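S.K.: Give me coordinates for this.
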Amino acid sequence: MKWALWLLCVLLVSACAQSQRSTVSPTEVRPTLGSSTIAPTEPSPTEPVPTPVEPAATRPPAAPESTPQAARPAFTLAVEPVASGFERPTYVTHAGDDGLFVVEQAGSIRIVEDGAVLDIPFLSIASKVNSQAYERGLLSVAFDPDYASNGFFYVNYTRQPDGATVIERYQVSDNPGAADPDSGAVLLIIDQPEANHNGGQLQFGPDGYLYIGMGDGGGAGDRHGTIGNGQDLDALLGKMLRIDVDGGEPYAIPASNPFVDSTDARPEIWAFGIRNPWRFSFDRATGDLYIADVGQNAYEEVNFQAASSAGGENYGWRIMEGAHCFNPREGCDQTGLTLPVAEYGREGGCSVTGGYVYRGSLYPWLDGVYFFADYCSGNVWSLERDASGQWNMTGQMRVNFNVSSFGEDEAGELYLVGHDDGTIYRLTSTSP
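M.R.: Down below sits the predicted model:
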């Protein structure tokens, strides 16, 4: 299996390099967690109607945005396996305790306790999940901030048979090691015109609201609609969304969302101009948001949003790919765009996988450093701002597996997910 995935990546990266000369590639050429296959247009599902705008729920305020870091000592990184035997794992997270929850693409969530994988899945919804295409499937889970008391958690998956994105809430059963499979309640359904660029990340922010990363709907060059979904404020695709899961049924719109009073934009939108946000995360210490956005043919990028932001950022796609004009290729209007704080080209890989800011206690010299990787090459980088405010991206190591995701445990230690080898790894470090 490994050699087949490696060969696929090599062939597709070569195709990417050749296609960079064209203005807009007619087909997608991404060996990401998501194939280059373009699916036929699918029927549009019915979206649940959110509760009308309500006042924001009482939430703890976001922490102040991060400040530039002073110079830190040199360090090295490594990984050590924690648990294995998973089938195409896509995500790992925690529920506020010592266990780990591992998402499998075909539609299961497994629990790891003390290094052992429990035999019975926490949740199995494979019959609901369309995972036939490489980017489709069960893509993430987010546990409610009040999970200890209400038992709620949320999943993001592409459904049978049409591949539409579904955001659904479940509840744990009387057995803390098993969810109630009949408790599912759909919050949101979003049509997906292609099989790729589904985004798929769910995260609760420090404000207690649920953030949803949505890709642009697939295909090459954001080809759907006159201006593409990324720039179309009437579309939920190509966006970061923010909803209040406590304020209404199936959800409410936070009163502080940036487009809540606009008649020309969907009120769920928090930020836009995004191609395929393959993993985003909040710094648990500062509330800052990091968004890794998969590029088209030439550049992968990491975007940054300070905790003090009121939302509404336009991260540029499809006008820009990274910090470079895409449509048009030259002389694009960058007015009002928020450019990435880091990017890399095909020399570094072909599909970015976003990570987390380290806030654990085992390696204090890593505190405040953001880590991310490339799915195809296995390159792992660190990213941080120096004392002058300059962002510095540094290559740290290369792993021999396809990194489909990062994750963190309750203590703030970081993990890498091996999509091809079915293994969860813990990030380790030494410092002279």
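S.K.: Need the distance between the two termini of stretch 226-238.
M.R.: Length of stretch 226-238, first residue to last, CA to CA, to the nearest Å: 14 Å.
S.K.: Centroid-nearest residue for this protein?
M.R.: Residue closest to the mean C-alpha point of the chain, counted by CA atoms, centre = their mean, is residue 279 at 2.1 Å.
S.K.: how about the nearest residue to it, chain neighbours excluded?
M.R.: Closest residue to residue 279 apart from its sequence neighbours, by CB to CB, 6 or more residues apart in numbering: residue 354 at 3.3 Å. Where you see a C-beta, it was placed from the backbone N, CA and C, and this is true even at glycine.
S.K.: returning to that earlier point: could you double-check that the residue nearest to the centre of the chain sits in contact with residue 292?
M.R.: Yes - the pair residue 279 and residue 292 passes the contact test of CB atoms under 8 Å, sitting 5.3 Å apart.
S.K.: who touches both of the two?
M.R.: Listed contacts common to residue 279 and residue 292 are 353, 354, 355, 372; contacts here mean CB atoms under 8 Å, 6 or more residues apart in numbering.
S.K.: Now for those, which sits with the most neighbours around it?
M.R.: Using other CB atoms under 10 Å as the neighbour criterion, residue 355 leads those with 30 neighbours.
S.K.: you'd agree that residue is in a helix?
M.R.: No - under DSSP: H, G, I helix; E, B strand; the rest coil, residue 355 falls outside any helix and is assigned strand.
S.K.: residues contacting it?
M.R.: 279, 281, 290, 292, 370, 371, 372, 373, 406, 414.
S.K.: Keep only those of those residues that are in strands.
M.R.: 279, 281, 290, 292, 370, 371, 372, 373, 406, 414 (DSSP state E).
S.K.: what about stretch 198-217, distance to the chain center?
M.R.: 7 Å (CA atoms, centre = their mean, to the nearest Å).
S.K.: gap between the two ends of that stretch?
M.R.: The first residue of stretch 198-217 is 6 Å away from its last residue (CA to CA).
S.K.: same check, this time on stretch 330-349
M.R.: 24 Å.
S.K.: What of stretch 267-275?
M.R.: End to end - CA to CA - stretch 267-275 spans 19 Å.
S.K.: quick revisit: of all the contacts of residue 355, which two lie farthest apart?
M.R.: Spatial extent of the contacts of residue 355 (CB to CB) is set by the pair 292 and 414 at 14.5 Å.
S.K.: low-confidence ranges in the chain?
M.R.: 1-70 (pLDDT under 70).
S.K.: that older thread, any chance of the ones in strands among the contacts of residue 355 in a markdown table, plus distance to residue 239?
M.R.: Conversion of the ones in strands among the contacts of residue 355 to a markdown table gives the following (distance: CB to CB, whole Å):
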| residue | distance to residue 239 |
| --- | --- |
| 279 | 16 |
| 281 | 17 |
| 290 | 17 |
| 292 | 15 |
| 370 | 22 |
| 371 | 25 |
| 372 | 21 |
| 373 | 24 |
| 406 | 22 |
| 414 | 27 |
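S.K.: quick one: whichever strand or helix holds residue 170 to chain centroid distance?
M.R.: If you go by DSSP states H and E, residue 170 is part of strand 165-172. Its chain's C-alpha centre and that of strand 165-172 lie 17 Å apart, by CA atoms, centre = their mean.
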